[in-house]
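In: missing the sequence, but the structure's below:
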């Protein structure tokens, strides 16, 4: 049985290594062949189309003979219930089961039939997760509003601006690819960085060239 692994973390200081290693260990125990691994660092709040490696994984399984996709948890494959279910439907339509490790559930059985219990659990779990995120956002906003009403200031200090040198140092991978004259879209796909970040680095490099 051929499988692919998809791992994601939300910030650059997190590491997806543990997710991938445990999914590889699971595949080995089950006797699966891991044909490809997709890993990225991108915010959980991003739409699926803004998750380059997720999109790459989806295209890969559509054009290759893959039986399963292994992932750590539901939030890895979509930022809300609709996007999670859309990804699962796409996989189901291609007779590809999704295995979610932290709940030990699969979307399809061995006959390529939808597992009704798993489908029900997935809908409930993603809805609960979405509600929790909404509640947290509302609490944070309420806290900010109260702080502002009391005279407090939220955000960066006046005059604060990350220096160009700091930005270039933080995004060396982007700068390197820009110097190779790759397109912004291609660099976004390769690095998982946003269009805004790539454009900022591009602007800094252009300014430095003009000064030189």
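Out: Cool, got the structure. In this text the structure is predicted, and so the values were computed from the model without any measurement.
In: Between the two ends of stretch 95-114, how far is it?
Out: Start-to-end span of stretch 95-114 (C-alpha to C-alpha, to the nearest Å) is 9 Å.
In: What average pLDDT does it get?
Out: Here stretch 95-114 scores 89 as its mean pLDDT.
In: try stretch 117-135
Out: 68.
In: right, and the helix or strand after the helix-or-strand element of the chain with minimal mean pLDDT?
Out: Across the helices and strands of the chain, mean confidence by mean pLDDT, DSSP states H and E is lowest for helix 116-149: a mean of 70. The helix or strand immediately downstream of helix 116-149 is helix 164-170, counting by DSSP states H and E.
In: Show me what counts as buried in that next one.
Out: Residues of helix 164-170 classed as buried: 167, 168 (neighbour count, 16 or more other C-beta atoms under 10 Å). For every residue, glycine as well, the C-beta is placed using N, CA and C.
In: helices and strands around it, which ones?
Out: In terms of contacts (3 or more C-beta pairs under 8 Å, 6 or more residues apart in numbering; DSSP states H and E), helix 164-170 is packed against helix 195-211.
In: what residues does the helix it packs on touch?
Out: Residues outside helix 195-211 that contact it (C-beta atoms under 8 Å, 6 or more residues apart in numbering): 164, 167, 168, 171, 174, 175, 178, 179, 184, 187, 188, 191.
In: Could you list the domains of this protein?
Out: Following automatic domain parsing, the chain resolves into domains at 2-125, 164-211.
In: distance between the last one and the chain's centre?
Out: How far domain 164-211 lies from its chain's middle: 20 Å, per C-alpha atoms, centre = their mean, to the nearest Å.
In: ok, now the longest one?
Out: Averaging C-alpha coordinates over domain 2-125 and over its chain gives two centres that are 11 Å apart (C-alpha atoms, centre = their mean).
In: and the contacts of helix 195-211, which two are the farthest apart?
Out: Maximum pairwise distance in these, criterion C-beta to C-beta, is 20.3 Å, between 164 and 188.
In: which residues of the protein score low on pLDDT?
Out: 11-13, 125-134, 136-137, 144, 147, 153-162, 209-212 (pLDDT under 70).
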